[in-house]
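A.B. asks: Provide a 3D model corresponding to the input given below.
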Amino acid sequence: MSKRLIGIAPLSVLGTEPVDFIRAAAKTGYDFIGLRTRSVTDTEKDLNLLNDNPRMREVLAVLKDTGMKVADTEFLAIGENVTSDFWQPMLDAAAQLGAQSLTATITDPDMARATDVMGRLVEDAEKSNLVIALEPISYQTVKQLPEAVEVAKATGCKVLFDTLHFRRAFGEMAHITAALPYLADMVQLCDGVLSERADTREGLIEESRAKRGIPGEGDFRLAECVALLSEDMPVSVEVPNPKFAELGLEGYLRHLKTAAENVLAQAAVLRK
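C.D. replies: Modelled structure (predicted):
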């Protein structure tokens, strides 16, 4: 059986300088990381890696020094006015980092227009040997796996399975099975309590960006979800949680990795 690679998503330690994140991930035994190449929100610390800036040069040096791999980059919101002028620098940065993909979501309420834009984005990404991974997000236009699959069929993008948004958008296990041919080569793992679903968009956003659950500490049935996936699909742990402040960078990354390994062990048993 192939070893399932475990990576760590930048949202887990948002605001950390990329070079510190890379070193800590390498030291705590992760196989890969994801990186944000530009800020996603106005309140987020600007740690962008665009246009071959000094931070990017530092990151490339640390990647070479540690041997750490960048699997995915993020994050592009396909809204009403996004153009290639916005996404091309992100594609260039992803290619420079040696990443496999750029993650996007759809925020434009006009699905016909958004699908057309996605198609152009996929074409541009292919020129750099990059995949566009569409993430269904519970508070955006494309919320569920089946909706994302339809976009994938129309454009050639892949679908990124995130366990938080899957549960918060009332996903069903059958959705995972049906989406398998279209899934990106990674699952984003976190936990939560089903009964604590926020009843407002603002509440869903807050949980997504700051209060996700440690794998295994909630009731998202993570092992059952992972058991449905390819046995060697990489796992990216995406858990922004107040425990980061308590444990510190390396302590928190170790804690998350152990939690994820426990979930994967349970999933391996279910697959037998």
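A.B. asks: just how off-centre is stretch 181-196 within its chain?
C.D. replies: Distance of stretch 181-196 from its chain centroid, counting by Cα atoms, centre = their mean, to the nearest Å, is 9 Å.
A.B. asks: quick check: mean pLDDT of it?
C.D. replies: Mean pLDDT, computed over stretch 181-196, is 97.
A.B. asks: and it, end to end?
C.D. replies: The straight-line separation of the ends of stretch 181-196 (Cα to Cα, to the nearest Å) is 31 Å.
A.B. asks: repeat that for stretch 11-24.
C.D. replies: OK, stretch 11-24 end separation, Cα to Cα: 15 Å.
A.B. asks: ok, now stretch 38-58?
C.D. replies: For stretch 38-58, the first-to-last residue distance is 16 Å (Cα to Cα).
A.B. asks: which SS class is Gly7?
C.D. replies: At Gly7 the chain is in strand, as set by DSSP: H, G, I helix; E, B strand; the rest coil.
A.B. asks: what's the burial count for it?
C.D. replies: Gly7 is flanked by 25 other residues according to other Cβ atoms under 10 Å. (Each C-beta comes from the backbone N, C-alpha and C, glycine too.)
A.B. asks: show me what contacts it?
C.D. replies: Listed by Cβ atoms under 8 Å, 6 or more residues apart in numbering, the contact partners of Gly7 are Ala25, Tyr30, Asp31, Phe32, Ile33, Gly34, Ala71, Met186, Pro234, Val235, Ser236, Val237.
A.B. asks: in strands, which of those residues appear?
C.D. replies: Of the contacts of Gly7, the ones assigned to strands by DSSP state E are Phe32, Ile33, Gly34, Ala71, Met186, Val235, Ser236, Val237.
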